[in-house]
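*Asks:* sequence first, predicted coordinates after that:
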Amino acid sequence: MTKLIRAEVYKLTHSLYPWGIWLAYLAFSAVLVRDHTGEFTYLRSALYPITFLQFLIVGIAAVCIGNEFNNRVIQGYVSSGHSRAAVFCAKSLIYSVSALMINELTLLFFGIQGWMVSGESIDAGLMIRLAPSLLAMNMVPMFVAFLTKSSGKAMGFGFLAYALQVASLNTPGITERAVYLPYGHMFIAFRDGAFSHYPVILAVDIVWSLVFLTGSYLAFRRSDLK
């Protein structure tokens, strides 16, 4: 599996897609953050666009996973003797790390900006506590990509899943239900500036991640790779 991970890291670092997506993430975030910096810190303000810009992470899943099915790279890994479990671990690990880095580096960027512009302290603790929620959020596009095995379908159905989750944040009673949704955890952190009931939030993130990670593996395990 080490060779697979090295190959995935090489492809990712030599591709313009992740960097382009991160720059787009920063550009859109900069516009949305400006609406809240007068009321909140830069870092806290950056939590607002995290939820609504998650559609860009759908693009990462489509490129890292869906496009690899289209180009028969994953099929080639399996036919060359690598187990499906090893291929899945390599693909899911690289996707998860790259998507989380886009999220966290964006938060760090605005944290540093707030420190430089307004002398705000960078709340590293909040960024660390957000990581499980961000990972759980990123599991949904990965599941869709492994389920559809196509970059186009991963984008289409990934956007649909994203839209349904965002729509759920605009329904009555979301304040009470937000704790049960990783997307809602961004809402809680933005509103309160901290996580209340964090053990419950962490448990929800773990369950959410395990469910979609297991679903992704089962979808890949049972897929026809001919």
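*Replies:* That came through fine.

*Asks:* state the phi and psi torsions of residue 122.
*Replies:* phi -90, psi 110 (degrees, to the nearest 10).

*Asks:* for it, which non-adjacent residue is closest in space?
*Replies:* Setting aside the residues directly before and after it, residue 122 is nearest to residue 111 in space (Cβ to Cβ, 6 or more residues apart in numbering), at 4.0 Å. C-beta here means a position set from N, CA and C on the backbone, and glycine is covered the same way.

*Asks:* is it true that that neighbour touches residue 123?
*Replies:* Yes: if you go by Cβ atoms under 8 Å, residue 111 and residue 123 touch, sitting 7.1 Å apart.

*Asks:* more neighbours: which of these two?
*Replies:* residue 111 (22 against 18; other Cβ atoms under 10 Å).

*Asks:* got a list of what that one touches?
*Replies:* 42-43, 46, 120, 122-123, 127 (Cβ atoms under 8 Å, 6 or more residues apart in numbering).

*Asks:* now the buried members of those residues.
*Replies:* 42-43, 46, 120, 122-123, 127 (16 or more other Cβ atoms under 10 Å).

*Asks:* show me where pLDDT drops low in this protein?
*Replies:* Low-confidence segments of the chain, defined by pLDDT under 70, are located at 35-39, 171-176, 193-196, 226.

*Asks:* which residue is nearest the centroid of this protein?
*Replies:* For the chain, residue 138 is the residue whose C-alpha lies nearest the centre (Cα atoms, centre = their mean; 3.0 Å).

*Asks:* is that residue within a helix or a strand, and which one?
*Replies:* Assigned by DSSP states H and E, residue 138 falls within helix 124-148.

*Asks:* what comes up buried for that helix?
*Replies:* 126-127, 129-130, 132-148.

*Asks:* let me see the contact set for the residue nearest to the centre of the chain.
*Replies:* By Cβ under 8 Å, 6+ apart, the contact list for residue 138 reads 57, 61, 95-96, 99-100, 103.

*Asks:* change it to 6 Å
*Replies:* 57, 99 (Cβ atoms under 6 Å, 6 or more residues apart in numbering).

*Asks:* what's in contact with stretch 142-160?
*Replies:* 55, 58, 61-62, 65-67, 69-70, 95, 141, 161, 212, 215-216, 219-220.

*Asks:* just the ones of those residues in helices?
*Replies:* The members of those that map onto helices under DSSP state H are 55, 58, 61, 67, 69-70, 95, 141, 161, 212, 215-216, 219-220.

*Asks:* can you say which two of those residues are spatially most distant?
*Replies:* Using Cβ to Cβ, the two most remote members of the ones in helices among the contacts of stretch 142-160 are 55 and 220, lying 23.2 Å apart.
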